[in-house]
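# Need coordinates for the following:
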Amino acid sequence: MDTSAYLKAVVEQTSTLAEWVDGKDASAPVPTCPKWTLAELVDHVGGTQRMVTMLVGERLTDPSRAFAGIVPGPTDPGQWRAWLSDGAAEASRAFASATDDTPVWDPSGAAAGVPFWSRRLFGEVCVHRADAAVALGVPYELAPELAVAAAEDWLDTMTSQGYWDNVPGYADAMRGNGQTLHFHATDAPGDWVARREQDRIVLERTAAAEADVVVRGSAIDLLLVISRRRPLDAAATLEVRGDRALFDHWIEHMDWVATG
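The predicted structure follows:
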């Protein structure tokens, strides 16, 4: 997916989320983000989109002004639908005014801010829409190709040098001696091999002839399990072969809410 495709999907996914939360109980708990209420989930999604809109639209290489500009969403849940939809539309316009090489702060360390943030907004709304689905008791659906793209965003972000360098305790927990995890989507093209090294996690977009543990199943189950939005025992299609303890350790330290 390119930047424009990511932003098209951001608008579509946010529209669905906005319909779901419209007028709902602001104090409803979000079980997959135990410290959040539905209002805080809405704040996070809409606030993040607006922060990124400022980063890209104003070509910021220092994020402090964008962080300082984050404002909470409306207190009236009846206004959430318009607020979320407007935020996604503003983000789409900001990205349309930039090119992939426009200088923008990139927390991953890869110095590719516009492509990074287009993909990151997409992955964010896909995962947080899953949070809303659990909170509201509605079915969560995502096309396999989109689930693969969201899984790639999650894996790429969580294995980035920026995450390794800036999240306390994460590097110590995830250091390794070459242990490999192979993630394979069975219903759309998607293969990733993560290798734990002493100074980083290397992520390759490939299948592996051999790996210490292989995790395979539908793209949506893969996405929701690796992002800790669905327990492994509730993922009907997912199969784990090899060192289960290695995969359990990986999942234990993929808790973005707690560690990020």
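# all helices for the stretch 101-250 of the chain, in order.
With helices called from DSSP state H, counting those that start in this stretch, the stretch 101-250 of the chain shows them at 113-136, 144-158, 161-166, 170-174, 219-226, 244-252.
# and the nearest residue to residue 117 once chain neighbours are set aside, what element?
Among residues not flanking residue 117 along the chain, residue 52 sits closest, at 5.0 Å (Cβ to Cβ, 6 or more residues apart in numbering). Heads up, the C-betas are built off the backbone N, CA and C, glycines and all. Per DSSP states H and E: residue 52 is located in helix 38-57.
# tell me what that helix is packed against?
Here helix 38-57 touches helix 3-21, helix 64-68, helix 80-96, helix 113-136, going by 3 or more Cβ pairs under 8 Å, 6 or more residues apart in numbering; DSSP states H and E.
# if we go to 6 Å?
Counting contacts by 3 or more Cβ pairs under 6 Å, 6 or more residues apart in numbering; DSSP states H and E, helix 38-57 packs against helix 64-68, helix 80-96, helix 113-136.
# from those helices, which stretch is densest packed?
Counting by mean count of other Cβ atoms under 10 Å, helix 113-136 has the highest mean neighbour count of the helices and strands packed on helix 38-57, with a mean of 23.
# contacts for that one?
3, 6-7, 9-10, 13-14, 17, 20, 28, 30-33, 38, 41, 45, 52, 95, 98, 100, 102, 104-106, 108, 140, 150, 153-154, 224, 227, 229 (Cβ atoms under 6 Å, 6 or more residues apart in numbering).
# re the thing from before, I'd like the helices of the stretch 101-250 of the chain as TSV, with distance to residue 181 and mean pLDDT appended.
Formatted as TSV, those follow (distance: least, Cβ to Cβ, whole Å; pLDDT from 0 to 100):
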stretch	distance to residue 181	mean pLDDT
helix 113-136	19	97
helix 144-158	10	96
helix 161-166	16	88
helix 170-174	11	90
helix 219-226	10	98
helix 244-252	6	95
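# can you redo these as TSV with distance to residue 197?
Shown next, in TSV, are the helices of the stretch 101-250 of the chain (distance: least, Cβ to Cβ, whole Å):
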stretch	distance to residue 197
helix 113-136	22
helix 144-158	15
helix 161-166	10
helix 170-174	9
helix 219-226	19
helix 244-252	14
